[in-house]
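S.K.: when you get a sec, could you give me coordinates for this:
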Amino acid sequence: MPKVVDHEARRRELAAAVGRVIARDGVAEVSIRSVAAESGWSSGALRHYFATRGELLAFACEQVIDQVTERITGMDTPDGVREAVLAVLLETMPVDERRHAEATIAFSFLALGLGDPALAAVQKRHFAQMYDLCRQLAPHLTPDGDVEATARCLHAVVDGLTVHVLAGHLDADEMVRRLGNYLDEVMA
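M.R.: Model prediction:
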């Protein structure tokens, strides 16, 4: 009897290997060969699923977007508007090893998308979903204010703080404090 292979599970396994390579070595080191080595696969077997490095990176980023969305959708939020908004936003930010790796993958597409339209499309999806999340949260922060302006500022603050942590200019604790301070200012 032929072996039944769950191709989607194997693709997710490869996306996880991409994440480990990026977390350990940086996005520049992602290649068919490095991901094959990380996953224990041959390069030929990996190419059965992803023909190019770009396809592999795009899928890994799509997986991150889906994982974060799933976590946020399924989470129990704390009581209180500020605490709930903070908890939701922190699911998207590099506060621990897993979320740091996810943010690294997602933000690497800013530069990668400049030269590759397929990767740019993934980056646009990431940006749009993050903005939509901020747009959903904004009315809770400023029910009588300019929701659009609040959403854009919130998105900029979250992305800015994330970039500062990824670049090593802030640590996660300071990022959380600054985000909390921003929420306090908006809600005042």
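
S.K.: what comes into contact with the longest helix seen in the chain?
M.R.: Scanning the chain for the longest helix, with DSSP state H as the assignment, gives helix 117-141. Defining contact as C-beta atoms under 8 Å, 6 or more residues apart in numbering, one finds that helix 117-141 is touched by 54-55, 57-58, 61-62, 65, 69, 72, 81, 84-85, 88-89, 92, 106, 109-110, 112-114, 147-148, 150-152, 154-155, 158-159, 183, 186-187. From N, CA and C alone the C-beta is placed, and that goes for glycine too.

S.K.: now that helix, how far from the centre of its chain.
M.R.: The chain centre lies 11 Å from the centre of helix 117-141; the measure is C-alpha atoms, centre = their mean, to the nearest Å.

S.K.: let's number from 18 now, not from 1
M.R.: That works, and once the first residue is 18, the last one we named lands at helix 134-158.

S.K.: tell me the helix or strand right after that helix.
M.R.: Using DSSP states H and E, the helix or strand that follows helix 134-158 in sequence is helix 164-183.

S.K.: list the buried residues in stretch 92-106.
M.R.: 101-103, 105-106 (16 or more other C-beta atoms under 10 Å).

S.K.: between the two ends of that stretch, what distance do you get?
M.R.: 12 Å (C-alpha to C-alpha, to the nearest Å).

S.K.: list of residues touching that stretch?
M.R.: Outside stretch 92-106, the residues within contact range by C-beta under 8 Å, 6+ apart are 89, 108, 150, 154, 157-158, 171, 175, 193, 196-197, 200-201, 204.

S.K.: and if you look at stretch 65-80?
M.R.: For stretch 65-80, using C-beta under 8 Å, 6+ apart, the contacting residues are 24, 27-29, 31-33, 35-36, 39, 44, 47-49, 52, 63, 122-123, 125-126, 129, 133, 135-136, 138-140, 142-143.
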